[in-house]
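Colleague: sequence first, then the predicted structure, then my questions.
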Amino acid sequence: MKRSVFLLLIAPGILLLTIFLFYPLVVTLAPTFSNNGPSLARYLAFFSDSYYLAVFFRTVWIAVVATLVCMILGVPTAYFISRRRRSKSFLMALSIFPLLTNPVVRAFAWINILGRNGVLNSLLLSWGWITTPLTLLYTDFSILIGTIYLFLPLMIVTLVGSMDTIEEEVTEAAESLGASRLVTFFKVVLPLSLPGIVVGSVLVFTGAITAYSTPNLLGGNKNMLLATLIYQRAMSLADWTSAGVIAFVMIVMTVVTVMVMQKVSRRLDRR
Amino acid sequence: MRKSVGLTLIAVVVFLFLTVPLIIITATAFGEASTIRFPIQGFTLKWFTATFASRSFMSSLGLSFALASYATLLALLVGIPASYALSKTTFRTNPRLRAFFLSPTFVPGIVVGYALFQFLVIQWRMPVFAGLLLGHFLVSLPYVIRVVGASLEQFDFSIEEVAWSLGCNKPKAFLKVVLPNIGSGIVAAFMLSFINSFNNIPVSMFLTGPGVSTLPTTLMNYIEYSYDPSVSAISVVLMGVTVVLMVIVERTLGIGSLAK
């Protein structure tokens, strides 16, 4: 292919991304680095403000716990799916379906369950386990449940893709050589699906720190995460600089996570 | 393989966790009470008729549909030639160019929305729809680059060279030989990009203006102020559409094509 044709074919994409993604980002974020001259004062202020720090750590904490839970539940489930024959495509469809369902609908589902008059409270009340309804909604707990619910299917689907490449002969060999199923799982399946676990975890973690509708609907005003905070700062308070600082912090968190993943995957590949 | 009780138990619990909340939503859409109750009392379809009669829901549904279609179309028009150029050549800069095309993935949706809002809506005074369209295009492009790129990697380019040597000019060979061969990749990219644009909230949050609102943002604002089964009814409609799309994909490409 001639260089001129090549440039012609990639030019529209390059131009659109430059004009409508990178230029706006630079224009929007540049002011956060100046305070009568170049300075990091706004970032220092962000990280020394106790409210912002609380939101920052809540975001990270929820993302870390959600990632761990998705890993712990997702790995066995994905292994279960990847070893099915007849029911496999049905179970895959069952995992993909929530992924394609609107996140607002998925958060709404948990409002119905965790609310004061929700399904869970009515069940517990009718069984006599509690006497007054529990406050479950608009807490860190409800954000966490909603986030796990949002991303567990993504973890499962990613892991099934990676576990499908493990030949059944390998696990059969391990078992015929006397390894129990549990040992086979931990010594053979788990190490071989490590690359998939890394990719899945990064998808869940970056998704969790940037999700908007779930913390907005399940967290309420008191339990902000970075994504809801940026919207509140910009739209309700017209505090553009804080919004810009939060935006940059979120970009850095995402990019750093992905870069760490690429390092880890490369190391896994080399083994 | 022998069945393992522990593994089956975990899988059953996980699938219950994934499906029961959506089953509850579906049930509550048919309840007669004016707030959401489960188990439901009575049976009615009035929430569905109310939804279809609601102006704000129907107009935002139309907007979301148009937005997802145009954004996906634009992403395909821009993304397919770029993927083709990147897979036909081996320039040293190609990996970096590919990363550049995938870069919207690394920018959180809410930040994309915020930057476009500041830049297009406030500074350039662009119409709201243009801002939304560009935002959704940015989100869709990586899907096209990734999925179409993957199917171009599978394509045997010697077939295209045969067409050239038989006298077909290059644009025609691309349209008649290359495109049909990567058709399934294009359809999968279309589906993924359409569904993700249709469901997107973070990008749209900043970019929806007075009278211009996507279905997910309308739904979210509605939930924040009222709590009645019409939200369940819309959810059921949306889930129904998802099921139909999944059946179509399963019949044509296999459900695995959406798991990329």
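Modeller: Ah, there it is.
Colleague: the longest helix in chain A is where?
Modeller: Criterion DSSP state H: the longest helix present in chain A is helix A:50-82.
Colleague: could you give me the buried positions within that one?
Modeller: Counting neighbours by 16 or more other Cβ atoms under 10 Å in any protein chain shown, one finds that the buried residues in helix A:50-82 are A:52, A:55-56, A:58-60, A:62-63, A:66-67, A:69-71, A:73-82. Backbone N, C-alpha and C define where each C-beta goes, glycine included.
Colleague: those also near chain B: which ones?
Modeller: Filtering these for proximity to chain B by Cβ under 8 Å from any Cβ of the partner chain leaves A:L73, A:G74, A:P76, A:T77, A:Y79, A:F80, A:I81.
Colleague: pretty sure the fourth one contacts B:V14?
Modeller: Spelled out, that is A:T77. Yes - using Cβ atoms under 8 Å, A:T77 is in contact with B:V14, at 4.5 Å.
Colleague: now the common contact residues for those two.
Modeller: Contact criterion Cβ atoms under 8 Å, 6 or more residues apart in numbering or on different chains; residues shared by A:T77 and B:V14: A:I156.
Colleague: show me which residues of the stretch 151-260 of chain B sit near chain A.
Modeller: That would be B:195, B:198-199, B:201-202, B:205-206, B:216, B:219-220, B:223-224, B:227, B:231-232, B:235, B:238-239, B:242-243, B:245-246, B:250, B:254-256, B:258-259, which are the residues of the stretch 151-260 of chain B within reach of chain A (Cβ under 8 Å from any Cβ).
Colleague: show me just the buried residues among these.
Modeller: Neighbour-count burial (16+ other Cβ under 10 Å) applied to those gives B:195, B:198-199, B:201-202, B:205-206, B:216, B:219-220, B:223, B:227, B:231-232, B:235, B:238-239, B:242, B:245-246, B:250, B:255-256, B:258-259.
Colleague: burial measure for the closest residue to B:L192 other than its chain neighbours, as a count.
Modeller: Residue nearest to B:L192 in three dimensions, not counting chain neighbours: B:Y143, with 4.6 Å by Cβ to Cβ, 6 or more residues apart in numbering or on different chains. For B:Y143, the neighbour count with other Cβ atoms under 10 Å in any protein chain shown is 27.
Colleague: and B:Y143, that's in a helix?
Modeller: Yes - assessed by DSSP: H, G, I helix; E, B strand; the rest coil, B:Y143 belongs to a helix.
Colleague: what distance do you get for it to B:G135?
Modeller: According to Cβ to Cβ, to the nearest Å, B:Y143 and B:G135 sit 15 Å apart.
Colleague: before we move on, what about B:I25?
Modeller: For B:I25 relative to B:G135 (Cβ to Cβ), the value is 28 Å.
Colleague: same question, B:A189
Modeller: 18 Å.
Colleague: same thing with B:V162?
Modeller: Where B:G135 is concerned, B:V162 sits at a distance of 42 Å (Cβ to Cβ).
Colleague: picking that back up, and the longest helix of chain A, what does it pack onto?
Modeller: Under the contact criterion of 3 or more Cβ pairs under 8 Å, 6 or more residues apart in numbering or on different chains; DSSP states H and E, helix A:50-82 touches helix A:88-100, helix A:140-163, helix A:194-210, helix A:226-231, helix A:240-270, helix B:5-28.
Colleague: quick check, whichever helix or strand comes after the last one touching chain A?
Modeller: Using DSSP states H and E, the helix or strand that follows helix B:5-28 towards the C-terminus is helix B:46-53. No - contact of helix B:46-53 with chain A is not found when judged by Cβ under 8 Å from any Cβ; the minimum separation is 13.3 Å.
Colleague: so what touches helix B:46-53?
Modeller: With Cβ under 8 Å, 6+ apart as the test, helix B:46-53 has contacts from B:29-30, B:32, B:57-58, B:228-230, B:232-234, B:236-237.
Colleague: which ones among those are found in helices?
Modeller: Reading helices off the contacts of helix B:46-53 with DSSP H, I get B:F57, B:M58, B:S230, B:S232, B:A233, B:I234, B:V236, B:V237.
Colleague: for those, work out which two are farthest apart.
Modeller: B:M58 and B:S232 (17.1 Å; Cβ to Cβ).
Colleague: who has more neighbours, B:V162 and B:G135?
Modeller: B:G135 (30 against 13).
Colleague: ok, the more buried one - contacts?
Modeller: Counting by Cβ under 8 Å, 6+ apart, B:G135 has contacts B:V112, B:G113, B:L116, B:V203, B:S204, B:L207.
Colleague: let's see it at 10 Å
Modeller: Listed by Cβ atoms under 10 Å, 6 or more residues apart in numbering or on different chains, the contact set of B:G135 reads A:20-21, B:67, B:71, B:104, B:109, B:112-113, B:115-117, B:120, B:197, B:200, B:202-207.
Colleague: swap in B:F38?
Modeller: A:112-113, A:117-119, A:122-123, B:23-25, B:27-28, B:31, B:232.
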